[in-house]
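Visitor: can't give you the sequence, but here's the structure:
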């Protein structure tokens, strides 16, 4: 049985964009592992997007797969994070717990109908946007993301995504001519847009950058003739996206195994 039969269509659209994005990053950076039951990103020198994903999206796995994953994680052969959409997290809660997995973080999946939303024109401000189109700017994007999210973001991984504007568009926001925030758009095979990696440097927060950057990305989606846009929001970011017109769908839940030092 596939995830499409297990979960609500809107929930599938939201999580599928994320998983397609990770799959694309893995292919572009040559770090993707594909098995019968799951996929994983085996990137080195980067915490992003070091993840096991797609488990249960194609078919229900054998219960033993969770124990096997735990063994491989403890042996250092797989990333120590696995992500599910909420419905599948609930479906697999028992075998996950039995194998030693515990929840690590949760993000809210959200969606906006671009065809029914009107975005106001931006007033002149101290903020301007730059599209990432070379390795130097990819490195700057990675640096902003790493400082914003407090984990390693490999510049080589980001650089592998440039020059594929049919699939990914990366942007840096500058405040008073200083690079201050980053974010990207991913277009999936279903024709939907997803916003990812929206982050602001700690010293640049409180200036409305996240909202203005999100608006800029949404307008690019409209210009690229996309009708639907999704994202996964942290608790801190939810209110920004609600104000912009995003509606809550379902959580995305990431598990890990507490490892001994």
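Guide: Ah, there it is. These numbers come from a predicted model, not from an experiment.
Visitor: helix or strand right after the helix or strand that residue 97 is a member of?
Guide: Using DSSP states H and E, residue 97 sits in helix 93-98. Heading C-terminal from helix 93-98, the first helix or strand you meet, by DSSP H and E, is strand 102-113.
Visitor: work out the sheet partners of whichever helix or strand comes after that following strand and label each with its direction, please.
Guide: Downstream of strand 102-113, the first helix or strand assigned by DSSP H and E is strand 127-131. If you go by DSSP bridges, strand 127-131 pairs up with strand 168-175 (antiparallel).
Visitor: buried residues, the strand it pairs with. List them.
Guide: 168, 169, 170, 171, 172, 173, 174, 175 (16 or more other Cβ atoms under 10 Å). In this view, the C-beta of every residue, glycine as well, is placed from N, C-alpha and C.
Visitor: out of these, which comes closest to residue 135?
Guide: Sorting the buried residues of strand 168-175 by distance to residue 135 puts residue 170 at the head of the list, at 11.9 Å, by Cβ to Cβ.
Visitor: partner residues bridging the closest one?
Guide: Here residue 170 sits in beta bridges with residue 184, going by DSSP bridges.
Visitor: repeat that for residue 255.
Guide: Beta bridges link residue 255 to residue 82, residue 103 when assigned by DSSP bridges.
Visitor: can you pull the contacts of it?
Guide: By Cβ atoms under 8 Å, 6 or more residues apart in numbering, the contact set of residue 255 is 81, 82, 83, 84, 89, 96, 101, 102, 103, 104.
Visitor: any quick ChimeraX command for the buried ones out of the residues you listed?
Guide: Remark: buried members of the contacts of residue 255, expressed as a ChimeraX selection using 16+ other Cβ under 10 Å:
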select :81,82,83,84,89,96,101
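Visitor: between the contacts of residue 255, which is nearest residue 198?
Guide: Distance to residue 198, by Cβ to Cβ, is smallest for residue 83 among those, at 17.8 Å.
Visitor: what's the separation between residue 160 and residue 220?
Guide: Distance of residue 160 to residue 220, computed by Cβ to Cβ, to the nearest Å: 21 Å.
Visitor: so between the two, which is more surrounded?
Guide: Neighbour totals were compared for residue 160 and residue 220, and residue 160 leads with 22 against 17 (other Cβ atoms under 10 Å).
Visitor: wait, the more buried one touches residue 28, no?
Guide: Yes: counting by Cβ atoms under 8 Å, residue 160 does reach residue 28; the two are 4.1 Å apart.
Visitor: now the helices for the protein?
Guide: In the chain, the segments counted as helices under DSSP state H are 3-6, 9-28, 64-74, 86-91, 93-98, 135-149, 155-159, 209-223, 238-244.
Visitor: for residue 58, find the nearest of those helices.
Guide: For residue 58, the closest of the helices of the chain is helix 3-6, at 7.7 Å, according to Cβ to Cβ.
Visitor: can you list the domains in the protein?
Guide: With domains defined by automatic domain parsing, the chain comprises 3-108+252-256, 114-249.
Visitor: okay, the ones you listed in CSV with mean pLDDT next?
Guide: CSV is the format used below for those (pLDDT from 0 to 100):
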stretch, mean pLDDT
domain 3-108+252-256, 95
domain 114-249, 94
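Visitor: pull the number of nearby residues for residue 116.
Guide: Here the number of neighbours of residue 116 (other Cβ under 10 Å) works out to 8.
Visitor: just send the contacts of residue 255 back as TSV, with distance to residue 228 too.
Guide: Formatted as TSV, the contacts of residue 255 follow (distance: Cβ to Cβ, whole Å):
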residue	distance to residue 228
81	27
82	27
83	21
84	22
89	23
96	30
101	32
102	33
103	28
104	29
